[in-house]
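# I'll drop the sequence and a predicted model, then ask my questions.
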Amino acid sequence: MTSAALPPSSVTVRVPAKVNLELLVGAPRPDGYHPLATVFHAVNLFDEVTVTTAPEWGIAVSGPQALGVPVDGTNLAARAAQRLAEVGGVDEPVHITIRKDIPVAGGMAGGSADAAATLVACDHLWGTGLSRSELEELAAGLGSDVPFLLGGGTAMGSGRGEVLAPVLARGSYHWVFALSEGGLSTPAVYAECDRLRGDRPVPEPSPSPEMMTALRSGDARALGAALSNDLQAAAISLMPALGDVLDAGLEFGALGGVVSGSGPTVAFVAESNEAALDLAVSLTASGAVQDVRRATGPAHGAHVISSPRPG
Ligand code: ATP
């Protein structure tokens with residue numbers, strides 16, 4: 001056998017974070033889940049997941065956002081690898097290393113991103129050869145944001161967010177993300193949303209024509225005006241400082257701002273790269289935010305960036 005025919009012993013996958021450009025939340029179903037209509041958008045804020053053939057299963061997390069990420073079987077990346085091993089009939093342990101740059105519990109789906117990256121990395125390492133739709137099905141079983149992070153770009157999500165449909169989207173957008181100290185628990189934010197709504201009837205969620213038109217035209221100003229999130233009021237109710245962050249970003253020239261997913265990260269869209277830089281500087285100087293990150297979107301979904309062959 002030539003070395004080119006040998007399987008790789010280690011695979012690294014890069015995976016983006018997501019922001020929900022629009023997140024419409026229906027009334028909870030009997031199983032407790034809320035039906036969603038959302039527009040996902042992947043941005044170039046990345047985690048990197050490396051899987052390496054090892055004598056036993058293991059996981060380690062490093063990087064600027066490593067704090068608070070579990071390093072046991074509850075890590076979504078570990079669950080993804082175990083699940084793929086079961087489905088693919090693989091008995092080949094891996095050590096998983098996550099380099100974490102996506103804020104944790106920030107509403108940017110970092111855990112789901114790592115699960116998507118691990119599926120792609122292990123599929124490559126083990127040569128399981130699952131089709132894209134089989135991988136997507138496995139991804140949906142791990143979490144409703146995971147299928148989107150396999151493909152990235154800009155896409156519509158329905159059901160719990162796991163049923164994806166393409167969106168006609170032009171252009172690219174400049175983002176500034178305002179990070180907060182501490183996270184918000186996704187279930188707590190949904191519960192607060194239900195509490196705030198009380199007995200009011202909730203319409204079936206469906207995407208707004210304004211957002212679809214904005215994306216079709218590639219117009220950042222129209223996109224800024226169309227950003228919306230049904231969970232925003234609940235996130236602000238649990239973390240009132242987020243209201244001040246939104247006000248500050250708009251005052252400093254953002255074209256629009258929205259709480260990302262279940263928060264507490266706030267996403268601002270800017271006119272240009274320079275405007276994003278100015279906005280990031282102003283937000284930092286104001287002291288209203290704990291940290292800021294700049295990014296552009298759309299970004300590609302989970303993809304292999306290195307796969308050395310054994311020497
Ligand atoms: P979403 O936007 O999908 O609601 P989120 O961005 O708010 O998610 P995550 O960063 O995915 O939240 O983390 C939520 C919790 O999941 C964390 O507090 C952590 O305990 C757990 N977790 C499990 N695996 C991971 C992982 N690989 N990275 C980050 N958190 C993880």
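Looks like it arrived, so ask away.

# sec struct for E22, please.
strand (DSSP: H, G, I helix; E, B strand; the rest coil).

# List the beta-bridge partners for it.
V39, S228 (DSSP bridges).

# Wasn't V19 part of a helix?
No. Assessed with three-state DSSP, V19 is strand; it does not lie in a helix.

# Could you pull up the residues touching it?
Neighbouring residues of V19 by CB atoms under 8 Å, 6 or more residues apart in numbering: F40, H41, V43, M108, W175, F177, V258, S260, G261, A267, G297. Just so you know, the C-beta spots here come from the backbone N, C-alpha and C atoms, and that holds for glycine as well.

# Could you verify my assumption that the fifth one touches V266?
No. No contact is recorded between W175 and V266 when judged using CB atoms under 8 Å, the distance being 10.6 Å.

# Out of the contacts of V19, which are close to the ligand?
Near the ligand, judged by CB under 6 Å from any ligand atom, the entries from the contacts of V19 are M108, G261.

# Could I get the contacts of V19 in CSV, plus columns for neighbour count and secondary structure?
As requested, those are arranged in CSV below (neighbours: other CB atoms under 10 Å; DSSP: H, G, I helix; E, B strand; the rest coil):
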residue, neighbour count, secondary structure
F40, 28, strand
H41, 29, strand
V43, 26, strand
M108, 30, coil
W175, 25, strand
F177, 25, strand
V258, 25, strand
S260, 31, coil
G261, 26, coil
A267, 28, strand
G297, 25, strand
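
# from the middle of its chain, how far away would the helix ranked longest in the chain be?
Counting residues, the longest helix found in the chain (DSSP state H) is helix 110-126. Helix 110-126 sits 14 Å away from the centroid of its parent chain (CA atoms, centre = their mean, to the nearest Å).

# Is there contact, residue-wise, from the helix or strand just after that helix to the ligand?
The first helix or strand that comes after helix 110-126 along the chain, using DSSP states H and E, is helix 132-142. No. Helix 132-142 stays clear of the ligand (CB under 6 Å from any ligand atom), getting no nearer than 10.3 Å.

# Pick out the most distant pair among the contacts of V19.
The span of the contacts of V19, defined through CB to CB, is set by F40 and F177 at 15.4 Å.

# wait, what's in contact with the residue of the stretch 1-150 of the chain found nearest the ligand?
Here the stretch 1-150 of the chain gets closest to the ligand at one residue, G111, 2.8 Å apart by CB to the nearest ligand atom. Under the criterion of CB under 8 Å, 6+ apart, the neighbours of G111 are N75, L76, A77, V104, G143.

# Recalculate using a threshold of 6 Å.
When the contact criterion is CB atoms under 6 Å, 6 or more residues apart in numbering, the partners of G111 are L76.

# Check the gap between it and S307 for me.
Distance of G111 to S307, given as CB to CB, to the nearest Å: 24 Å.

# What does V289 show for phi and psi?
phi -130, psi 160 (degrees, to the nearest 10).

# Repeat that for V304.
phi -70, psi 130.

# Hmm, D145 and S112 touching each other?
Yes. Using CB atoms under 6 Å, S112 makes contact with D145 at a distance of 3.9 Å.
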